[in-house]
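Novice: When you get a sec, could you give me coordinates for this:
(chains A and B)
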Number of protein chains: 2
Amino acid sequence: MTVIGVDVGGTKIAAGRLADDFAIERTVVIPTPHGGISILESIAGLVADLQSDAAQPVTAVGVGLPATIDSETGLVAHSVHTGMGDFNAAGPLRDLIGLPVHLDNDANLAMLAEHRLGAARGMRTALLLTVGTGIGGGIVINDAIFRGGRGHGAELGHVTVEADGPPCQGNCPGRGCLETMCSGTALTRDFRAFAEANPDSPIGRLHASSSLTSITGLDLAQAGDADAIEVVAAAGRWLGAGIASLCNTFDPDIVLIGGGVSDAGELLLGPARDVYQARALPPTRRAPLALASFGPEAGMVGAGILAADAT
Amino acid sequence: MTVIGVDVGGTKIAAGRLADDFAIERTVVIPTPHGGISILESIAGLVADLQSDAAQPVTAVGVGLPATIDSETGLVAHSVHTGMGDFNAAGPLRDLIGLPVHLDNDANLAMLAEHRLGAARGMRTALLLTVGTGIGGGIVINDAIFRGGRGHGAELGHVTVEADGPPCQGNCPGRGCLETMCSGTALTRDFRAFAEANPDSPIGRLHASSSLTSITGLDLAQAGDADAIEVVAAAGRWLGAGIASLCNTFDPDIVLIGGGVSDAGELLLGPARDVYQARALPPTRRAPLALASFGPEAGMVGAGILAADAT
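Specialist: Residues are numbered from 1 along each chain as shown, chains lettered A, B, ... in the order given. Okay, here's the model as predicted:
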C-alpha cells in the first residue's frame, strides 16, 4: 500500500510518498501559505505531485497539523503557534484530493512514528517531547496514542514548571510552561539575554553580528563554548523538572526528545536526565531519557502510518 | 454480594462492610500500627470483626494503601508518607483472611468510587486530587482507572508547579510539587509563617495558643477572617496552576477535589478555578472543577468496588 504523509508546520509544508514499510520514496516541501484554504489547496497540490509518478496507486493521505483536532466534531480546534482554529479541514481536503484523508496533531503523529518504527517500539507506555520553536507532546498508553479526553490533550509543552515564571507564547495563556522555559524560542531569548549581559563573550560577539538564534547558539555550544553549554544546560534542567512531573504522572517505559533542539544531544539531555533522575519518585525513574529516532520526517512518517492504519 | 473495603492511612485504618449497592453497612476504625506485618494482622482483625455479623457471606476484600503497587510484581512498591516499600501484602493477607484480597493505591480507589457512584459518574476522562496531609491523584481514561505504565503513576500531588520552590515532603525528592504548595501540610506551614509575621492577627493569636494547624486555620477562614481566607486562596491558586497543566495534558471531562482540605469548599476551589480557567489552553478549559462526592469514605467505598469488580 502506498500512502502520502503531510506535515504542516508554521513555516513549511512537507509531504512524502511512503512505501509499504513506510520508507520515504519522495519528498516535496513548500513554504506554508497564509490562510486555511490556501493551506488545504497547497496540500492537494503536493499530493497530486506525489501521485503523478507513483508506481502503485496512492490509497490514503495523512496530515499532521500544529493544532488539536476535536474528536467529537472532527474540526481543527486550536493551535498555539498558528491562527488555525474551528475549521473543517478533513471534508474539504477529501473533496480536493479525492482520497480518504486523516488528520492529527503533528506531535501525536511523531509519537506514532516513534512507537511503530522508532525508539519507542515495543513500549506500552511512552512519552515524546518535540522541542522546536514550541514544544509538542505525544503520549502512548496501552500501546495506543492518547490524545486527551476530546483530542485536545497531550499538550506537554504546556505543563507548568514555574507557575510564577514568564508568560507563555502564542495562544497559550499559561505562565512558566515547559515551552516558555526550554523551547528553541526560549533558548534564543536566553542566549540573547546572556549576550546583552556579556557583550565581549563569544555569544555576545555573535549577537553583535545579528546572527544569534537558538541554532547558532547551539552551534557555539557544540563547538565547546562554556557559556553556550551552560545556557543549553539551564534549559535542559527545566526540561528535566518537567520530565520528572510527567514520569510521576505516567510512569512511562521511555521518554523521548525530538524536534530541532534535540540536535543538541547530550548537551541538553544530560542536564535534563540529571534533574529528572534526582526529582522523580524512585519507582518512576525507570524510564530511559533518549533521543527520538526520527528527525524532521517524524511527523510525515507518522501521518503515513495514520493513513495506512485507517485504510 | 457483600464485600469489605479497607482504607489504610498514615494515622488510622478504616474498614467497612458494603452491601450490593456499596452502601456502607458498618464501619470499624483503629489507629494504624507500626510495621507492615502489624498492619496486615490489623486488617485481618477488622475483616473478621465485620464478617462476624454479616447477613450474607463476605466474598472479597479490597484494600487501599497510601502507596503504589507494582503491576508486574504485585508488590507494594513505594509510599511518599509511610515507610512501606517492596513487600508482598496481597499473599499474606489472603492467607490471614481466607478470602480473595485486592490492593490498590488509596487515591486510585477514591477515583474509582467517584467514577462509579460519585461526581465523575458517566465521565470518560476524569481527574481527582485528594488534598489532605499530602495530595493523592486519580485518573480515569476511557472509563478505566489509569495507574501509569507499571502502577506507579497518577501521583498527581508530585507534579511540579514551581521547580525552584521548596523541597517536597516525605520520600519525594522533588521541589515545588503541588503537594509542597497546597496540601494540608503546606497550609499548616503557610498559616504558621503568617502567624509568625503577624503575631497580633487572629491567626497569630491562634498560633500563640499552640493550636494552629491547617484545620483550625481553615476554621478561621470559614468564620470570615480575611487573612486566613487569603492563605487558603494562595494555596488554591497553586492548585489552579497545577490543574491547568493537568487539563492541558488530559483534556478531562471533569476535575474533582477531595480529601480533608476540600472541606474549605469555594474558599479553595474559587481561586483554583480562576487560575485554572485563566491559564489552561482554551479547548482544555471545558472541565468543571468540582468537589468530590465522597468524604472520608471514598477510599473504603472504592476498595469495595475493586473487590466486587474482581470477583
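Novice: For the stretch 151-300 of chain A, what lies in contact range of chain B?
Specialist: Residues of the stretch 151-300 of chain A lying close to chain B (CB under 8 Å from any CB of the partner chain) are A:151-156, A:158-164, A:171-175, A:238, A:241-242, A:244-253, A:278-284, A:286. C-beta here means a position set from N, CA and C on the backbone, and glycine is covered the same way.
Novice: If any of these are buried, give me the PyMOL selection for them.
Specialist: The buried subset of these, as determined by 16 or more other CB atoms under 10 Å in any protein chain shown, is captured in PyMOL by this line:
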select buried, chain A and resi 151+152+153+154+155+156+158+159+160+161+162+163+172+173+174+175+238+241+242+244+245+246+247+248+249+250+251+252+253+279+280+281+283+284
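Novice: List the ones among the residues of the stretch 151-300 of chain A next to chain B that fall in helices.
Specialist: Using DSSP state H, the subset of those located in helices is A:W238, A:A241, A:G242, A:A244, A:S245, A:L246, A:C247, A:N248, A:T249, A:F250, A:A278, A:R279.
Novice: Mind putting those residues into CSV with pLDDT and distance to A:D190?
Specialist: Shown next, in CSV, are those (pLDDT from 0 to 100; distance: CB to CB, whole Å):
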residue, pLDDT, distance to A:D190
A:W238, 98, 10
A:A241, 98, 16
A:G242, 98, 16
A:A244, 98, 21
A:S245, 98, 21
A:L246, 98, 22
A:C247, 98, 25
A:N248, 98, 26
A:T249, 98, 27
A:F250, 98, 28
A:A278, 98, 22
A:R279, 98, 21
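Novice: can you pull up the bridge partners for the nearest residue to A:E297 once chain neighbours are set aside?
Specialist: Take A:E297 and drop its neighbours on the chain: the residue closest to it by CB to CB, 6 or more residues apart in numbering or on different chains is A:I24, 6.4 Å away. Here A:I24 shows beta-bridge partners A:L18, assigned using DSSP bridges.
Novice: Next, the contact list for A:I24, please.
Specialist: Neighbouring residues of A:I24 by CB atoms under 8 Å, 6 or more residues apart in numbering or on different chains: A:G16, A:R17, A:L18, A:E297, A:M300, A:V301.
Novice: What is the nearest of those residues to chain B?
Specialist: Nearest to chain B, judged by CB to the nearest CB, of the contacts of A:I24 is A:V301 at 24.0 Å.
Novice: That closest one - how many residues pack around it?
Specialist: The tally of other residues near A:V301 (other CB atoms under 10 Å in any protein chain shown) stands at 28.
Novice: Please tell me how far the residue nearest to it when sequence neighbours are not counted sits from A:T311.
Specialist: Once flanking residues are discounted, A:V301 sits nearest to A:A113: 4.2 Å by CB to CB, 6+ apart. Plainly put, A:A113 is 17 Å away from A:T311 if you go by CB to CB, to the nearest Å.
Novice: Check A:F194 too.
Specialist: Remark: distance between A:F194 and A:T311 (CB to CB) = 50 Å.
Novice: These two: which has the busier surroundings?
Specialist: Each of A:F194 and A:T311 has its neighbours counted (other CB under 10 Å); A:F194 has more, 20 against 13.
Novice: Contacts only, for the more buried one.
Specialist: Listed by CB under 8 Å, 6+ apart, the contact set of A:F194 reads A:S201, A:I203, A:G204, A:D227, A:V231.
Novice: Tell me where the stretch 1-150 of chain A is predicted with low confidence.
Specialist: Applying pLDDT under 70 to the stretch 1-150 of chain A picks out no residues at all.
Novice: just the strands in it please.
Specialist: A:2-8, A:12-18, A:24-31, A:58-65, A:68-69, A:76-78, A:101-105, A:126-131, A:135-141, A:144-145 (DSSP state E, counting those that start in this stretch).
Novice: which stretches of the stretch 201-311 of chain A form strands?
Specialist: Counting by DSSP E, counting those that start in this stretch, the stretch 201-311 of chain A has strands at residues A:254-258, A:289-291.
Novice: Given the last one, what are its sheet partners and their directions?
Specialist: In the sheet, strand A:289-291 lines up against strand A:254-258 (parallel) (DSSP bridges).
Novice: Report the angle between the partner strand and strand A:135-141.
Specialist: Using axes from the mean of the first three to the mean of the last three CA atoms, to 10 degrees, the inter-axis angle of strand A:254-258 relative to strand A:135-141 is 150 degrees.
Novice: Roughly how far does the residue nearest to A:V301 sit from B:F146?
Specialist: Distance, A:A113 to B:F146, by CB to CB: 24 Å.
Novice: So for these two, which residue has more residues nearby?
Specialist: Using other CB under 10 Å as the criterion, A:A113 and B:F146 rank with A:A113 on top: 30 against 23.
Novice: Surely the more buried one touches A:I305?
Specialist: Yes - A:A113 lies in contact with A:I305 (CB atoms under 8 Å); the separation is 6.2 Å.
Novice: Give the residues shared as contacts by those two.
Specialist: By CB under 8 Å, 6+ apart, the residues touching both A:A113 and A:I305 are A:F22.
Novice: Geometric centre of chain A: which residue is closest?
Specialist: A:T130 (3.4 Å; CA atoms, centre = their mean).
Novice: tell me the contacts of that one?
Specialist: By CB under 8 Å, 6+ apart, A:T130 lies in contact with A:D106, A:A107, A:A110, A:G136, A:G137, A:G138, A:G258, A:G259, A:A292, A:A298.
Novice: again, only this time at 6 Å
Specialist: A:A107, A:A110, A:G136, A:G258, A:G259 (CB atoms under 6 Å, 6 or more residues apart in numbering or on different chains).
Novice: and the closest residue to the fourth one other than its chain neighbours, what is it in contact with?
Specialist: The reference is to A:G258. Once flanking residues are discounted, A:G258 sits nearest to A:A292: 3.2 Å by CB to CB, 6+ apart. Taking CB under 6 Å, 6+ apart, we find A:A292 in contact with A:E114, A:A119, A:L256, A:G258.
Novice: next one: A:M1
Specialist: Per CB under 6 Å, 6+ apart, neighbours of A:M1: A:D20, A:T59, A:A308.
Novice: Buried subset of the residues you listed as a PyMOL selection?
Specialist: Buried members of the contacts of A:M1, defined by 16+ other CB under 10 Å, are picked up in PyMOL with:
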select buried, chain A and resi 308
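Novice: Including distance to B:L99, could the contacts of A:M1 go into TSV?
Specialist: Compiled in TSV, the contacts of A:M1 are given as follows (distance: CB to CB, whole Å):
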residue	distance to B:L99
A:D20	54
A:T59	55
A:A308	49
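Novice: Cross-check the contacts of A:M1 against chain B and keep the overlap.
Specialist: The subset of the contacts of A:M1 within reach of chain B, by CB under 6 Å from any CB of the partner chain, is empty.
Novice: and of the contacts of A:M1, the nearest to chain B?
Specialist: Distance to chain B, by CB to the nearest CB, is smallest for A:A308 among those, at 23.5 Å.
Novice: returning to that earlier point: in the contacts of A:F194, which residue is surrounded by the most others?
Specialist: Compared across these, A:I203 has the highest neighbour count, 27 neighbours, by other CB under 10 Å.
Novice: secondary structure class for the residue of chain A positioned farthest from its centre?
Specialist: Ranked by distance from the centre of chain A (CA atoms, centre = their mean), the top residue is A:D200, with 34.6 Å. Under DSSP: H, G, I helix; E, B strand; the rest coil, the three-state class of A:D200 is coil.
Novice: Might you name the residue of the stretch 201-311 of chain A sitting closest to chain B?
Specialist: A:D251 (2.8 Å).
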